[in-house]
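Peer 1: could you look at this predicted model? Sequence included:
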Amino acid sequence: METTTSTTSSSKRLISALVFVVLGVAIVGVVGFTLHTLSADPQKPLYATKSADTIEIDGKSYPKASAVLGVYPDKATAAKYGFTANRHDYVQYGPSTHLVLPAHTYVTITIHAYDSGEHLNNPYFGKVVGTIGGTINVDGVDVNNIPSDNVEHTFTLHGIPSTSQDPLFVNVPLPQVKQDDKGNNIPTNDPGTQGAGHTVTFSFLTGSAGDYVWNCEYPCGDGTYAKFGAAMSAYGYMSGKVTVA
Ligand SMILES: [Cu+2]
């Protein structure tokens, strides 16, 4: 009798040990899969288009490349301009929040910006930083600053402090589309957006290959946390990656 009892309890112990191991493996698997899914690109990466042109800057010749982005106040506006990859009805950049840029290149980015806005938290992000000439071109006019109360979003590109890759910092404030007192957009003078927004163009030089990030510094999310919820805390709307390759 004694032998049988001890056999039963040791096989019970074996089963519970097995269950414990299987559960542990399953939990690690689920967590790993979730993290992998969360960190995957939310849209297909956007590769800058290389051109055959070169440009001379400070006696050095650089190849040129360009990319075009849009900033939309909501899903419907994004869809109107052909960008339907995002699930949530948030303010959003498109067609991708992951840019791939060639190294040691003069990169020109054009942003068609269709949103209105309120007020920057930090007026620093109204300044243009890191572009060629220290300016951005807004609807045909070069400027080096957008006043804090006229910003809709920013394109703020930066790296992490690192000795293994070149520094890269670019801050571009985007001007608002003004609204009337009923909340309807007032047409702009910008032919690039057929009067529906602003066209902002700027250029900067990339260094050697590296991984960078960008985000919007205008608090354009919902009220969850001082307007840093929703679009600002979700991945693929107001932030993304820049790969220099
Ligand atoms: Cu924003």
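Peer 2: Received the coordinates, thanks.

Peer 1: just the helices in the chain please.
Peer 2: 2-39, 75-80 (DSSP state H).

Peer 1: which among the ones you listed is found nearest to the ion?
Peer 2: helix 75-80 (13.4 Å; C-beta to the ion). (Each C-beta comes from the backbone N, C-alpha and C, glycine too.)

Peer 1: which residues does residue 203 bridge with?
Peer 2: Residue 203 has these beta-bridge partners by DSSP bridges: residue 108.

Peer 1: and it, what's its pLDDT?
Peer 2: Residue 203 is assigned a predicted lDDT (pLDDT) of 98.

Peer 1: circling back: and the helices of the chain, which one's lowest on average pLDDT?
Peer 2: Ranked by mean pLDDT, those end with helix 2-39 at the bottom, a mean of 76.

Peer 1: residues in the chain within reach of the ion, list them.
Peer 2: Applying C-beta under 5 Å from the ion, we find that the chain lies next to the ion at 153, 216, 218, 220, 238.

Peer 1: low pLDDT regions in this structure?
Peer 2: 1-8, 35, 37-39 (pLDDT under 70).

Peer 1: show me how the chain divides into domains.
Peer 2: 1-40, 42-244 (automatic domain parsing).

Peer 1: next up, the contacts around residue 115.
Peer 2: With contacts defined as C-beta atoms under 8 Å, 6 or more residues apart in numbering, residue 115 is in contact with 71-73, 91, 152-153, 174, 176-177, 197, 220.

Peer 1: at 6 Å what do you get?
Peer 2: Residues near residue 115 by C-beta atoms under 6 Å, 6 or more residues apart in numbering: 71, 73, 152.

Peer 1: now residue 101
Peer 2: For residue 101, the contact set (C-beta under 6 Å, 6+ apart) comprises 48, 107, 206, 244.

Peer 1: okay if I get those as CSV plus neighbour count?
Peer 2: Formatted as CSV, the contacts of residue 101 follow (neighbours: other C-beta atoms under 10 Å):
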residue, neighbour count
48, 21
107, 24
206, 22
244, 23
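
Peer 1: would you turn those residues into JSON lines with distance to residue 231?
Peer 2: Formatted as JSON lines, those follow (distance: C-beta to C-beta, whole Å):
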{"residue": "48", "distance to residue 231": "24"}
{"residue": "107", "distance to residue 231": "25"}
{"residue": "206", "distance to residue 231": "27"}
{"residue": "244", "distance to residue 231": "26"}
